[in-house]
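Colleague: Predicted coordinates and the sequence they were generated for:
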Amino acid sequence: MMFKKYIAAWAIMAVTLSFAAPQSAKVRSVLGDVSLKKKGQGDWSSLRVGAKVQDKDLIQTDMESNVLISMPEGSTISIEENALVEFTQVLFMKDSQNSEVNIKKGLLRFNAQKQTGKKSQFKFKTGTMTASIRGTDGTIGVTEGGQSFGALNTGAMDMEENGQKVSVKAKQYVAFRKGKPPVVVEAKNAGDPDFAKKLGAAIDDTTKSDADIQSQAKELDAKIEKRNQDLKSKFACKFEPVPAVVKTDSVEIFATCTPGMQVSIGSERYESEGKRIRFVPKWSRGAIGAKKFDAMCTVDNATFECGSVSFKYRIDRTVKVIKSDVGNCEALYTTSGYTDNEGKLSIYTGDSLLKSLVLERDNPAAALKLLPGTRVYKFVPENAPDFNGTIERELKCYPKSGVQVNIRGGSRETLKKKVSQGSVMYPEIQFDVENVINNDPAGIKSVDVVVAGKNFETKYIPSQTGIGYSATVQIPRGKMTTVKIKVNMLSGETVLATKVYEFR
């Protein structure tokens, strides 16, 4: 009955999980006037902190306005002022991450976590340009003249427009120009929004040559670098170490920063008062892999990177045997670490593979049919090389098989002895336990030979029909004495037999 309850509970949970809804992006902070238009609705409404951002949502920022949005896997997108952005697709389910953001006007800054899963992708679009990113941070958007650009601080990005392809590297700014080849600029501060805004004017100016753009970019980069260095000499953050491996879907980051500046990590922003600040960036449980959170500090409308925290997020898969039934030859085991973390589970007996499974979710009560006998079962969940979740358990399978006891020499025996030879005899009773599966004595829990309430020791003897036993018992003279044999099987069976001795 208990097995049925466990399995029924799992069936209900499996149905519930199979219909789990995809997760949405969320608004974490709003500065100034920011508006939202939902799919199929004609009116704009004010965007509030905590609002969900879903497929086909339009977001618009006004002058000196900004909105910070967190994606389910931990990425963040900051939509800068005077921008219009459509979240074409925001889908995160299990280990699949698919996001597409269409920038119709202005620019945004992004800090994208490394995408995991074979089907995962993170794309930006600006008109006819498409950019695919892989664990990067930088800026992307369109100039006032409607020309697409993208720039990176770290990582890599593939950009394409009208058949022209550019692989963007860290510290590069790339702009696609109408009727001209793309321009590629090397700059230490290529991903800085100020750099992108100011260089955009040169990109739009058709009188500017490539050399003019490169020269202006170099001058602009130097100015921003000097500004950042000046700020860093006055404003800084000291970060406490975080574990190299994190096994939960959030992490505590502690920093002590110079007073008078705003500090942000992920989707959290705080004003520093010179005291210890606690950040707790979160992400969806299935977003496994490398994580990197940059700290951005803002002073007098100037923003610069003031630290970075990196670690690996991992979910370890484990197995636990919770119950076994010897007679029904079944064991229940539970798994953890598989929900949103699809992986293999292999079960062995000795060196032989008994079962290989690919699990998409945790199972609170999975049933395993056991093989006859006493065997060591090895459960091997698929894991990272530096974590061994393998367990070994000795499990027994001895089903009911109609066991019988056959007493050699029959169920009655008369003993004779001269009176002068004593009042007690010690005959050896021999019997065979038959119909035991594979004649395996391990399936026998106990064998009791009892005379007048006293137990007598048994020993194995050869047998042609089953498992042979013998016991030397004590029989008094002058009365009928019954020897009781009781065999208890691991299957739950109990077999009784008797032999009557008469000692004359």
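Modeller: Cool, the structure landed.
Colleague: Could you use CA atoms for every contact and neighbour count after this?
Modeller: Will do.
Colleague: The longest helix seen in the chain - contacts with which helices or strands?
Modeller: What stands out as the longest helix in the chain, according to DSSP state H, is helix 210-234. On a contact count with 3 or more Cα pairs under 8 Å, 6 or more residues apart in numbering; DSSP states H and E, helix 210-234 meets strand 183-186, helix 193-204.
Colleague: Walk me through the domains of the protein.
Modeller: Domain assignment for the chain, taken from automatic domain parsing, gives 22-237, 238-313, 318-397, 404-503.
Colleague: hmm, back to that, pick the most deeply packed of the helices and strands packed on helix 210-234.
Modeller: When you average the neighbours per residue for each of those (mean count of other Cα atoms under 10 Å), helix 193-204 leads with a mean of 19.
Colleague: Residues touching that one, excluding its own?
Modeller: 107-109, 139, 143-145, 147, 151, 175, 177, 189-190, 208, 213, 216-217, 220-221, 224 (Cα atoms under 8 Å, 6 or more residues apart in numbering).
Colleague: what about the helix or strand hosting residue 58, average pLDDT?
Modeller: Residue 58 is part of strand 57-61 when elements are defined by DSSP states H and E. Mean pLDDT, strand 57-61: 94.
Colleague: What separation do you get for residue 470 and residue 409?
Modeller: 12 Å (Cα to Cα, to the nearest Å).
Colleague: higher neighbour count, these two?
Modeller: residue 470 (20 against 11; other Cα atoms under 10 Å).
Colleague: OK, contacts around that one?
Modeller: So residue 470 contacts 428-431, 458-461 (Cα under 8 Å, 6+ apart).
Colleague: next one: residue 446
Modeller: Taking Cα under 8 Å, 6+ apart as the definition, contacts of residue 446 comprise 487-489.
Colleague: 6 Å instead, please
Modeller: Applying Cα atoms under 6 Å, 6 or more residues apart in numbering to residue 446 gives the contacts 487-488.
Colleague: count of neighbours near the closest residue to residue 244 other than its chain neighbours?
Modeller: Nearest residue to residue 244, sequence neighbours excluded (Cα to Cα, 6 or more residues apart in numbering): residue 311, at 4.9 Å. Neighbour count of residue 311, defined by other Cα under 10 Å: 16.
Colleague: Quick check: the gap between residue 311 and residue 241.
Modeller: 10 Å.
Colleague: And for residue 264?
Modeller: 17 Å.
Colleague: So for these two, which sits in the more crowded spot?
Modeller: residue 264 (18 against 12).
Colleague: Spit out the contact partners of residue 457.
Modeller: residue 471.
Colleague: swap the cut-off to 10 Å and go again
Modeller: 447-450, 470-473 (Cα atoms under 10 Å, 6 or more residues apart in numbering).
Colleague: what does residue 435 give?
Modeller: Counted by Cα under 10 Å, 6+ apart, residue 435 has contacts 400-405, 465-467.
Colleague: Mind picking the two most distant members of those?
Modeller: Farthest pair in the contacts of residue 435 (Cα to Cα) is 400 and 465. Separation: 18.0 Å.
Colleague: Which one's more surrounded, the two?
Modeller: residue 400 (19 against 12).
Colleague: Beyond the lowest-mean-pLDDT helix or strand in the chain, next helix or strand please.
Modeller: Taking mean pLDDT, DSSP states H and E as the measure, the chain has helix 2-18 as its least confident helix or strand, at a mean of 41. Later in the chain than helix 2-18, the nearest helix or strand by DSSP H and E is strand 25-31.
Colleague: Can you spell out which helices and strands pack onto that next one?
Modeller: If you count contacts as 3 or more Cα pairs under 10 Å, 6 or more residues apart in numbering; DSSP states H and E, strand 25-31 packs onto strand 52-53, strand 66-70, strand 76-79, strand 84-93, strand 268-271.
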